[in-house]
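Undergrad: No letters, just coordinates:
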């Protein structure tokens with residue numbers, strides 16, 4: 001509600017010296033708050049935010065006080081914590097009621113690309129090429145995880161686009177992989193089933209070889225039938 005305060009949480013336990021917290025408003029070029037080398041900076045000299053911004057130095061969480069309609073918009077967080085980068089986007093609307101809302105997320109889709117399999121003769125070194133994708137999203141991050149460890153991530157802010165993120169794993173990899181789509185409110189996770197999506201080049205060749213053999217067998221049978229028919233026709237003609 002107009003005149004109230006809202007706190008946007010980073011979910012960071014404690015900002016260390018080498019960590020970085022950046023808060024922007026409306027666009028990524030409009031920096032409004034920062035923690036760098038454990039020093040806190042508030043860029044509230046603009047009339048719209050004058051004396052309205054507060055930030056908790058320990059966690060980097062941002063509070064906007066005495067909210068007005070001009071405070072409505074997208075607040076974007078970039079946090080580099082222990083070398084790991086994460087993003088959050090808060091959509092704040094100031095009206096008769098204050099709400100923070102983000103559209104429900106779709107479940108990401110994991111698919112494989114058999115044409116990219118390794119030609120290595122060693123099964124343990126054959127790779128499976130995968131891609132995690134999601135359609136028509138905005139203000140989200142798409143990430144690959146190996147267990148609880150982040151492998152790669154891509155994000156989008158104010159555009160509604162399709163995202164895709166590739167991954168290569170070994171055919172016999174027994175680790176747990178997952179693709180996660182998240183925003184500040186919720187997340188959707190798709191777990192990778194290597195046995196279902198990944199198969200070796202040898203499997204692919206075997207499959208294609210069997211198919212080719214079946215086709216050749218059918219063609220041979222048809223040719224044989226045609227030959228017999230031709231012989232019968234010749235005999236009857238005589």
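TA: On my side now, so go ahead. Note that the coordinates shown come from a computational prediction; the quantities given were computed from them, not determined experimentally.
Undergrad: now what about the helix or strand residue 24 falls within, what contacts it?
TA: Residue 24 is part of strand 20-25, with elements assigned from DSSP states H and E. For strand 20-25, contacts defined as C-beta atoms under 8 Å, 6 or more residues apart in numbering pick out 8, 10, 12, 15, 30-36, 49, 55, 60, 62, 73-80. To be clear about C-beta, it is placed using only N, CA and C from the backbone, and glycine gets the same treatment.
Undergrad: So for the helix or strand encompassing residue 150, what gets flagged as buried?
TA: Residue 150 is located in strand 149-156, with elements delineated by DSSP H and E. Neighbour counts over strand 149-156 (16 or more other C-beta atoms under 10 Å) mark 153, 155, 156 as buried.
Undergrad: Partner strands of that strand and their direction?
TA: If you go by DSSP bridges, strand 149-156 pairs up with strand 140-146 (antiparallel).
Undergrad: Averaged pLDDT, the partner strand. What do you get?
TA: For strand 140-146, the mean per-residue pLDDT is 90.
Undergrad: repeat for stretch 66-86
TA: With pLDDT averaged residue by residue, stretch 66-86 scores 87.
Undergrad: Kindly report the same for stretch 107-114.
TA: The model assigns stretch 107-114 a mean pLDDT of 86.
Undergrad: residues in contact with that stretch?
TA: 128-134, 142, 179-181, 188-190, 192, 197-199, 204.
Undergrad: Go again with 6 Å.
TA: 129-134, 179, 181, 188, 190, 192, 197, 204 (C-beta atoms under 6 Å, 6 or more residues apart in numbering).
Undergrad: Show me these that map onto strands.
TA: With strands defined by DSSP state E, the entries of the contacts of stretch 107-114 inside them are 129, 130, 131, 132, 133, 134, 179, 181, 188, 190.
Undergrad: All the helices of the protein, in order from the start?
TA: 194-197, 201-237 (DSSP state H).
Undergrad: Could you tell me the least trusted of those?
TA: Lowest mean pLDDT within the helices of the chain: helix 201-237, a mean of 47.
Undergrad: is residue 74 in a bridge, and if so with what?
TA: residue 91.
Undergrad: Which positions within stretch 134-154 qualify as buried?
TA: Buried, per 16+ other C-beta under 10 Å, within stretch 134-154: 134, 137, 138, 139, 140, 141, 142, 143, 144, 145, 146, 153.
Undergrad: burial of the closest residue to residue 34 other than its chain neighbours, as a residue count?
TA: Nearest residue to residue 34, sequence neighbours excluded (C-beta to C-beta, 6 or more residues apart in numbering): residue 41, at 4.6 Å. For residue 41, the tally of surrounding residues (other C-beta atoms under 10 Å) stands at 13.
Undergrad: again, but for residue 67
TA: Neighbourhood size, residue 67 [other C-beta under 10 Å]: 18.
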